[in-house]
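Q: Quick one, structure for this:
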Amino acid sequence: MIRKRTLALIVLTIMQIVIAVMITEWSAALFDALEQHSMVELFRQIEHLVMIFAGSMAVTAMHLKIKRDLQISWRSWLTAKVIAQWMNNGHHYQIAQILTSGHDNPDGRIAEDIRIATDEAVNLCYTLFYSMLLLISFSEILWTLSSVILLDIGGIVIPVYGHLVWIAILYAAAASVLGWWAGRPLTLTTNAMQTVEANFRFGLVKARENALAIARHHGEAKEKTRFLNLFHDITGIYDLQTHAWAHIILFSSGYAVLSMAFPILIAAPRYIVGSITLGALMQSVQAFQQMAAALSWPVNNMTLIAQWHASVDRVLSLVGALNDLDRDIVNSHRQ
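A: Numbers count the residues shown, from 1 in each chain. The predicted structure follows:
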């Protein structure tokens, strides 16, 4: 079932790329019709838009359903596997007695970290595959729409083919480096935030499980102090994460504005001199934006990658601890 859903997701993703290409071609035809003041061509493009609109809605709805089905399938499999190992031969008790940074909060690791590890894995794989298809499709379109630029370097004339493609690559590479630099603190604080949140949640759960013992020994004051200390760790990391978010939002807002204007400024001179039509100009702009977005996948998904990586590490450390307990049992039986 998971293989069939994965194949269906791949097919639907390819269909999304086909629709994206159709939209850029439709946009070029529409602006050409406006430039020619043709009402007949305008109504024809409206008919095409209705078909694209219906196809896009159908593909998007099916894609969402298949993706969510795939996510819950992977989560169900991994949850059942870890729970079976956790609730075996008293492992749940042994893990609770040897709590370390690699074994703490097993309930949170099973309930929350497995969800993040599986859901975000599907999301990241999908967006990466989608970006690769975008890059292949729109780099070809942008290459076709580009002209040959002649560079005169010391009297040596060098022709540059597909100049818009190379500009898009350099633009996305510069943005990726700056985005990585701006987003690195957010990656570190996201990992730390997940840890302190899990510790706080586990402390509350542990107090509930030992409520009778706490009441008998009048340990409420001690528990309140422990809770406040755990929450103080959250507020400290929260402040650091806020500063990190500020840097990445500052970069993202500027990058979004520049991404709208930069491709138009690059392609506009060819339209002004009459080398291309208005439709070709708009298609060049859209292809440039799509290609730059595809190349910016690492920066755009930096936060999700950090969150996913932290959850995967937490799940693997729990599984590793359970595997160690299994090996200890096997070795004791042999002895």
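Q: going forward, measure contacts between C-alpha atoms and count neighbours the same way
A: Will do.
Q: Now do the closest residue to Y130 other than its chain neighbours: how many residues are near it, please.
A: Counting by CA to CA, 6 or more residues apart in numbering, Y130 lies nearest to T13, which is 6.5 Å off, once chain neighbours are set aside. Neighbours of T13 under the rule other CA atoms under 10 Å: 20.
Q: Ok, I276 next?
A: When neighbours are defined as other CA under 10 Å, I276 has 17 of them.
Q: Determine how far the longest helix that the chain contains lies from the middle of the whole chain.
A: Longest helix in the chain, counting residues (DSSP state H): helix 220-272. Remark: helix 220-272 is offset 15 Å from the chain centroid, using CA atoms, centre = their mean, to the nearest Å.
Q: Can you name every helix or strand that the helix or strand just after it contacts?
A: With elements assigned by DSSP states H and E, the helix or strand that comes after helix 220-272 is helix 278-295. Helices and strands touching helix 278-295, by 3 or more CA pairs under 8 Å, 6 or more residues apart in numbering; DSSP states H and E, are helix 2-36, helix 114-145, helix 163-209, helix 220-272.
Q: wait, which of those is closest to N88?
A: With CA to CA as the criterion, N88 lies closest to helix 114-145 of these, at 18.9 Å.
Q: picking up where we left off before, tell me which of the helices and strands packed on helix 278-295 sits nearest to N323.
A: Minimum separation from N323 across the helices and strands packed on helix 278-295 (CA to CA) falls at helix 114-145, 17.2 Å.
Q: how far off helix 163-209 does the closest one point, in degrees?
A: If you take axes from the mean of the first three to the mean of the last three CA atoms, to 10 degrees, helix 114-145 sits at 170 degrees to helix 163-209.
Q: Please name every helix or strand in contact with the helix or strand where A61 lies.
A: Element membership for A61, per DSSP H and E: helix 39-86. Helix 39-86 sits against helix 2-36, helix 114-145, helix 302-334, with contacts defined as 3+ CA pairs under 8 Å, 6+ apart.
Q: Now the element after the lowest-mean-pLDDT helix or strand in the chain, going C-ward?
A: When each helix and strand of the chain is scored by mean pLDDT, DSSP states H and E, helix 91-97 comes last, with a mean of 70. Per DSSP H and E, helix 91-97 leads on to helix 106-108 as the next helix or strand towards the C-terminus.
Q: Not counting that following helix itself, show me its contacts.
A: A198, R201, F202, L318 (CA atoms under 8 Å, 6 or more residues apart in numbering).
Q: Report how many residues lie close to the last one.
A: When neighbours are counted by other CA under 10 Å, L318 registers 23.
Q: residue contacts, the residue most central in space within the chain?
A: Nearest to the mean C-alpha position of the chain, by CA atoms, centre = their mean, lies N301 at 3.8 Å. Counting by CA under 8 Å, 6+ apart, N301 touches L124.
Q: could we number from 241 for the rest of this?
A: That works, and once the first residue is 241, the last one we named lands at N541.
Q: Give me the distance between it and N328.
A: Going from N541 to N328 by CA to CA, to the nearest Å gives 37 Å.
Q: State the number of residues packed around I350.
A: 20.
Q: likewise W314?
A: For W314, the tally of surrounding residues (other CA under 10 Å) stands at 18.
Q: That one touches I356, doesn't it?
A: No: in terms of CA atoms under 8 Å, W314 does not count as a neighbour of I356; the distance is 11.1 Å.
Q: quick one: D392 is in a strand?
A: Yes: assessed with DSSP: H, G, I helix; E, B strand; the rest coil, D392 lies in a strand.
Q: tally of neighbours for it?
A: If you count neighbours by other CA under 10 Å, D392 ends up with 10.
Q: Can you check what pLDDT the model gives it?
A: The model reports D392 with a pLDDT of 70.
Q: swap in the one 10 residues further on?
A: With respect to pLDDT, G402 has a value of 80.
Q: so how far is L375 from it?
A: 14 Å.
Q: Could you do A451 as well?
A: 57 Å.
Q: Then A357?
A: 27 Å.
Q: Of these two, which one has the most company?
A: Shown here are A357 and L375; by other CA under 10 Å, A357 has more neighbours (24 against 20).
Q: Wait, the more buried one touches S551, no?
A: Yes: between A357 and S551 there is a contact under CA under 8 Å: 5.7 Å.
Q: And the helices and strands packed on helix 518-535: which comes nearest K305?
A: helix 242-276 (9.5 Å).
Q: from the middle of its chain, how far away would the closest one be?
A: That offset, for helix 242-276, works out to 21 Å (CA atoms, centre = their mean).
Q: Tell me the buried residues in that helix?
A: 245-246, 248-250, 252-257, 259-261, 263-273 (16 or more other CA atoms under 10 Å).
Q: Now do that helix and helix 518-535, the angle between them.
A: 150 degrees.
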